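Colleague: Turn this into a structure:
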Amino acid sequence: MIDALWGFFRYSLLVRSSVLATCLLIGGVLLFRCVRTRETRFRSVLAVLGVSVCTCAYALTLAELVEIVHHVHFEKAFNPIARCAVVTTCLLAGGGVLFRRVWTKETRLRSALMRLGLSTASFVYAMAVAELLVYCFFAETHSAGLTLASQRWYEKHWHPINSPGYRDIEHTESDLSDAKLLCVVGASYVTGAGIAKVEDRFSNILQDRIGKGWVVANVAKGGWNTAEKHDSLMTYPHKPDMAVLTYTTNDIRGAAAAYGIAKPDVSLLLPKPPVLQSWIERSYLLNLVYARTYAWAQRETTNTIWDDYRRQCYSSEDVWNTHKNELLDIVHFCERERIEFFVLVIPNLCSIEASRPITSRVAGLFADHGVQVVDLTDILAGRDPADMVVNPSDAHANESLNREIAERLFEVIAPRATPEKRDQAVAGRGFATATGGAGSH
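Modeller: Numbering: from 1, shown residues only. This next block holds a predicted model:
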């Protein structure tokens, strides 16, 4: 902190300007009070100009000082609207001195400048209040994490984090001494992207439904491909008795990248004008308005780009064969380790019909190898995406859909868990069918 402040005072052009302005201000006071005491228009103009220049120099210097202190303390750039509020406050203070002590004669120009100053200050303060409200009370996820509101959401809600680095509680040996372990493996759908309370995720709801005798562990990180899911299952600190692999249509990305097919850069769909880029990247209010505007304007384009990407990936025989081997590696691992294995297939919630060729192909592959599959494609077909996703900017499953997923899984898993749960399933306390149908692919 001290080094940063010393560098600021030593090298800042604004500090040098403020020092010069202070010297000129002192000299001006001496000049007008001791030498040129007679009131003339020229003297008044010079006095007004001097006070105005000094006020601007002090305002900008103070704003830069606040930004440096903020950056050192919080390790992030200072909010541009807050900086404008600091500058405006300094200018208001300087304007008060100017219009009450120096430029006291009523003129049309003086009145116009006062009105302009007050109007500008009111607008800046209103923006500052709106910025503060957005920062404090508005946080929502973005599918690609491109917005400040999304970063804010993760700061507020991304917990607990256990020792392996997953968004889950710690599962110790003592917890598992008299219980069996079920690992739900996946990526962002499993982590609960957009779900503020972990209790509302389908893995946690499944824990409540399956009851005592089982521990359900959430083994997932956002952006994982199939190979990474396989690795996480093999390296999990405790050997599971049962595993659920959550498959989404993006899981082929690792295999596709090996053949030079890169995933779309969705950040290109949010181009920022160079003049406003710094403001948009640092203001929560402007960032939200800008992202919402482009999300609405580019919603069809975004879905088309991702559908084309998936179509390219799954139509390549080389990519599919590599990906198929990745999936079968997980099947064979569970067979060797005697882990009871299930697969949950989730289509793209915004393009369910476009996902159908992919999900049916994957579900069929697992079914051919004796794996029971819960494929949500037929179940979710025809539904409004707005009723399933967490918000307009994030296509992950919302709380309601998480509850339904948990029930679908419970109906399939319950007969394999305990005699009590088997009786519940037979009595129809879960869903009547697991998929459109489970294991039928």
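
Colleague: all helices for the stretch 101-250 of the chain, in order.
Modeller: 108-137, 148-157, 173-176, 188-191, 202-210, 226-235 (DSSP state H, counting those that start in this stretch).

Colleague: For D307, find the nearest of the ones you listed.
Modeller: helix 188-191 (18.2 Å; C-beta to C-beta). Where C-beta positions appear, they are placed from N, C-alpha and C, glycine not excepted.

Colleague: what's next to the closest one, contact-wise?
Modeller: 166-167, 184, 201, 203, 218-223, 246, 248, 346, 396-397 (C-beta atoms under 8 Å, 6 or more residues apart in numbering).

Colleague: right, and out of these, which lies closest to Y125?
Modeller: H396 (36.9 Å).

Colleague: now the closest residue to E199 other than its chain neighbours: how far from P392?
Modeller: Among residues not flanking E199 along the chain, I205 sits closest, at 7.7 Å (C-beta to C-beta, 6 or more residues apart in numbering). From I205 across to P392, the span is 24 Å (C-beta to C-beta, to the nearest Å).

Colleague: What residues does the most centrally placed residue in the chain make contact with?
Modeller: Among the residues of the chain, the one closest to the centroid is S150, at 2.7 Å (C-alpha atoms, centre = their mean). Residues in contact with S150 (C-beta under 8 Å, 6+ apart) are 139-142, 393-394.

Colleague: Show me which of those are buried.
Modeller: Buried members of the contacts of S150, scored by 16 or more other C-beta atoms under 10 Å, are 139-142, 393-394.

Colleague: Give me the mean pLDDT for stretch 281-293.
Modeller: Averaging pLDDT along stretch 281-293 gives 85.

Colleague: Kindly report the same for stretch 151-168.
Modeller: 95.

Colleague: Give me the distance from that stretch to the chain's centre.
Modeller: 12 Å (C-alpha atoms, centre = their mean, to the nearest Å).

Colleague: do the same with stretch 103-114
Modeller: Using C-alpha atoms, centre = their mean, the offset of stretch 103-114 from its chain centre is 49 Å.

Colleague: mind listing what's buried in it?
Modeller: 103, 113.

Colleague: In CSV, list the C-alpha atoms belonging to it.
Modeller: What follows is stretch 103-114, C-alpha atoms only, in CSV (Å, rounded to 0.1, in the frame of the first residue of the first chain):
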residue,chain,number,x,y,z
TRP,A,103,-18.4,34.7,-9.1
THR,A,104,-21.2,36.3,-7.1
LYS,A,105,-22.7,38.6,-9.7
GLU,A,106,-25.9,37.3,-11.2
THR,A,107,-25.5,36.7,-15.0
ARG,A,108,-27.2,34.5,-17.5
LEU,A,109,-24.1,32.4,-18.0
ARG,A,110,-23.7,31.9,-14.2
SER,A,111,-27.3,30.8,-13.9
ALA,A,112,-26.9,28.4,-16.9
LEU,A,113,-23.7,26.9,-15.5
MET,A,114,-25.3,26.4,-12.1
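
Colleague: ok, residues contacting stretch 200-208?
Modeller: Taking C-beta under 8 Å, 6+ apart as the rule, stretch 200-208 contacts 182, 184, 190-192, 195, 198-199, 214-218, 397, 399, 402-403, 405-407, 409-410, 413.

Colleague: okay if I get the helices of the stretch 101-250 of the chain as CSV plus distance to A381?
Modeller: Output for the helices of the stretch 101-250 of the chain, formatted as CSV (distance: least, C-beta to C-beta, whole Å):
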stretch, distance to A381
helix 108-137, 36
helix 148-157, 29
helix 173-176, 39
helix 188-191, 18
helix 202-210, 19
helix 226-235, 24
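
Colleague: To N287, which of those lies closest?
Modeller: Of all the helices of the stretch 101-250 of the chain, helix 148-157 comes closest under C-beta to C-beta, at 4.4 Å.

Colleague: Quick one: the strands in the protein, in order.
Modeller: 180-186, 214-220, 242-248, 340-346, 372-375, 389-391, 394-397 (DSSP state E).

Colleague: Rebuild those strands as TSV, extending it with mean pLDDT and distance to P274.
Modeller: Converted to TSV, these look like this (pLDDT from 0 to 100; distance: least, C-beta to C-beta, whole Å):
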stretch	mean pLDDT	distance to P274
strand 180-186	97	39
strand 214-220	97	38
strand 242-248	98	36
strand 340-346	97	39
strand 372-375	97	47
strand 389-391	95	29
strand 394-397	94	28
